[in-house]
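Participant: Fold the following and give me the result.
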Amino acid sequence: MKHLVVLAILTLVSRVCAADEHVPEFTVTGYGKVFYTVDMVDMQFSVSVRDKNVQECKRKHDAVVDKLNEYLKAQKYPQEMLSLENTILKRERASRDSYTYLAQSTYSMRTGRIEELSSLQADIVEIGVDEIHFVKLFSSKQRELEDQARKQAIDDAKSKAVLTATQLGWTLDKPTKVSYRTTRYSSGGFGARSGSAAASPLATSANFVDSAVQVTFSYKIEDEPVQPEDALDNK
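Facilitator: Residues are numbered from 1 along each chain as shown. Have a look, this model is predicted:
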């Protein structure tokens, strides 16, 4: 019984001490933004052919694909830059008692020849590409850009914490918690259909990596020294 009483007293004392040891904290948000120039492009497009005869449909489709490969080879684009995403051959009802056939292939390609993008789009549409699904411009150094933006955000948070503590008369201690918010990319990407894609501009907006970080700091509040006159008043 005596042991249980001692244990209860120790538990109560430890809880009181823990409450007294509560460390005050405050949280600041830092921001970072890094602008960049795009140097890579991802593009997805498809070749679609319809015909009432399935063999003729397939033949016309394959002829367009062959011309596309010949063009890319002539322009010295690496063969591995073109990736086949999917291909379909199916029958579609044209009317109550007739059908047409669809042969379609969807491709993705990535290239760093940004300056040739407009002419590339125009050429492949002329060859027979009937739809360009999207064009996405980006930087090949995205990871480095993201790290730069986060470093800026952390430095911004530290500066705000120092300013806050100084103005309020606190002693800044150390960071106790860090959380990153979503990093956003804004690039001059655009989507287009058929021949209209060739006239689209390379970029119409600023390209940047935007990052934010929340940092929680602990701080100390120094007791103000007792002035001599205050001490006399207390006597």
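
Participant: got the buried residues for the helix or strand containing residue 146?
Facilitator: According to DSSP states H and E, residue 146 maps onto helix 142-168. Buried residues in helix 142-168, defined by neighbour count with 16 or more other CB atoms under 10 Å: 145-146, 148-150, 152-154, 156-158, 160-161, 165. In short, each C-beta sits where N, CA and C put it, glycine included.

Participant: residue ranges for the strands of this structure, please.
Facilitator: Assigned by DSSP state E, the strands in the chain fall at 25-35, 40-51, 82-95, 98-111, 131-138, 171-180, 184-186, 208-220.

Participant: Could you check the angle the fourth one makes with strand 131-138?
Facilitator: Interaxial angle, strand 98-111 versus strand 131-138 (axes from the mean of the first three to the mean of the last three CA atoms, to 10 degrees): 20 degrees.

Participant: want to throw the buried residues of helix 142-168 into a markdown table with distance to residue 83 and pLDDT?
Facilitator: Listed next are those as a markdown table, based on distance: CB to CB, whole Å; pLDDT from 0 to 100:
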| residue | distance to residue 83 | pLDDT |
| --- | --- | --- |
| 145 | 25 | 93 |
| 146 | 25 | 92 |
| 148 | 30 | 95 |
| 149 | 30 | 94 |
| 150 | 31 | 94 |
| 152 | 35 | 97 |
| 153 | 35 | 96 |
| 154 | 38 | 96 |
| 156 | 40 | 97 |
| 157 | 41 | 97 |
| 158 | 44 | 97 |
| 160 | 46 | 97 |
| 161 | 48 | 97 |
| 165 | 54 | 95 |
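
Participant: thinking again about what came up before, lowest-confidence stretch among the strands of the chain?
Facilitator: The weakest mean pLDDT among those belongs to strand 184-186, with a mean of 68.

Participant: How far off centre is stretch 89-97?
Facilitator: Chain-centre distance of stretch 89-97: 42 Å, with CA atoms, centre = their mean, to the nearest Å.

Participant: try stretch 138-155
Facilitator: The chain centre lies 11 Å from the centre of stretch 138-155; the measure is CA atoms, centre = their mean.

Participant: Run through who's touching that stretch.
Facilitator: With CB atoms under 8 Å, 6 or more residues apart in numbering as the contact definition, stretch 138-155 has outside contacts at 30-34, 36-42, 112, 180, 183, 185, 187, 189, 207, 209-213, 215.

Participant: Filter those residues down to just the buried residues.
Facilitator: Listed as buried from these are 30, 32, 34, 36, 38, 40-41, 183, 185, 187, 189, 207, 209-213, 215; burial here means 16+ other CB under 10 Å.

Participant: quick one: residue 94 and residue 103, what's the gap?
Facilitator: Distance of residue 94 to residue 103, given as CB to CB, to the nearest Å: 15 Å.

Participant: more neighbours, the two?
Facilitator: Remark: of residue 94 and residue 103, residue 103 carries more neighbours, 23 against 12, as counted by other CB atoms under 10 Å.

Participant: who's that one bridged to?
Facilitator: Assessed by DSSP bridges, residue 103 has beta-bridge partners residue 49, residue 89.

Participant: doesn't residue 48 make contact with it?
Facilitator: Yes: when contacts are counted by CB atoms under 8 Å, residue 103 is listed as touching residue 48 (7.4 Å).
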